[in-house]
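Participant: sequence and predicted structure below; questions after.
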Amino acid sequence: MKRVTGIGGIFFKAKDAPALQAWYKRHLGIDVQEWGGTAFSWSDSNNKPAGGTTIWAVSSEKSDQFAPSQAPFMINYRVENLKAIVAALKTEGCNVLDKIDESEFGKFAWVIDPEGNKVELWQPPLGQ
């Protein structure tokens, strides 16, 4: 079974999220949206759309989005079959959170790595 197929997003906390978002926008040209991040669209070697995105977002250091982890970051990994991977991780004794979210953005689950970092697993909707 194929597990991780790519990185779906990188999320991190900042002491002053609006100021850091503005810095990235001004100096690195990242098109930071009102929600605090951007979606980078994938393209092939000819710069044609390749049917995927990677999210980049900065949130307040007070955010509990990464709980129970105390880390200031969370990486979202793309997967093809979320339920199968969650089942395999549980069988392997991993600390999988007992929650799977499903929305128009796809299916999400979380596992805590041995260092206590929350890792997000994402199965995008078909065609993404």
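Facilitator: Ah, there it is.

Participant: excluding its backbone neighbours, what's nearest the residue nearest the centre of the chain?
Facilitator: Nearest to the geometric centre of the chain sits Asn76, at 2.6 Å (Cα atoms, centre = their mean). Counting by Cβ to Cβ, 6 or more residues apart in numbering, Gly9 is the residue found nearest to Asn76 once chain neighbours are left out, at 3.7 Å. C-beta: built from backbone N, CA, C; applies to glycine.

Participant: got it, and Asp113?
Facilitator: Asp113 sits nearest to Val119 (Cβ to Cβ, 6+ apart), 5.7 Å away.

Participant: quick check: bridge partners of the one you found?
Facilitator: Beta-bridge partners for Val119, by DSSP bridges, are Val111.

Participant: what's the pLDDT at the closest residue to Ser69 other than its chain neighbours?
Facilitator: Computed as Cβ to Cβ, 6+ apart, the closest residue to Ser69 that is not its neighbour in sequence is Lys118, at 3.8 Å. Predicted confidence (pLDDT) for Lys118: 96.

Participant: my guess is Lys118 meets Ile112, correct?
Facilitator: Yes - Lys118 is within contact range of Ile112, at 5.9 Å (criterion: Cβ atoms under 8 Å).

Participant: neighbour count: these two, which is higher?
Facilitator: Lys118 (21 against 15; other Cβ atoms under 10 Å).

Participant: contact partners for the more buried one?
Facilitator: Neighbour list for Lys118: 66-69, 71, 74, 97, 110-112 [criterion: Cβ atoms under 8 Å, 6 or more residues apart in numbering].

Participant: redo that, cut-off 6 Å
Facilitator: Residues counted as contacts of Lys118 (Cβ atoms under 6 Å, 6 or more residues apart in numbering) are 66, 69, 74, 110, 112.

Participant: related to what we said a few turns ago, is the residue nearest to the centre of the chain in a bridge, and if so with what?
Facilitator: Bridge pairing for Asn76 - DSSP bridges - gives Gly9, Glu120.

Participant: look up how far Glu61 lies from it.
Facilitator: Note on Asn76: its distance to Glu61, by Cβ to Cβ, to the nearest Å, is 19 Å.
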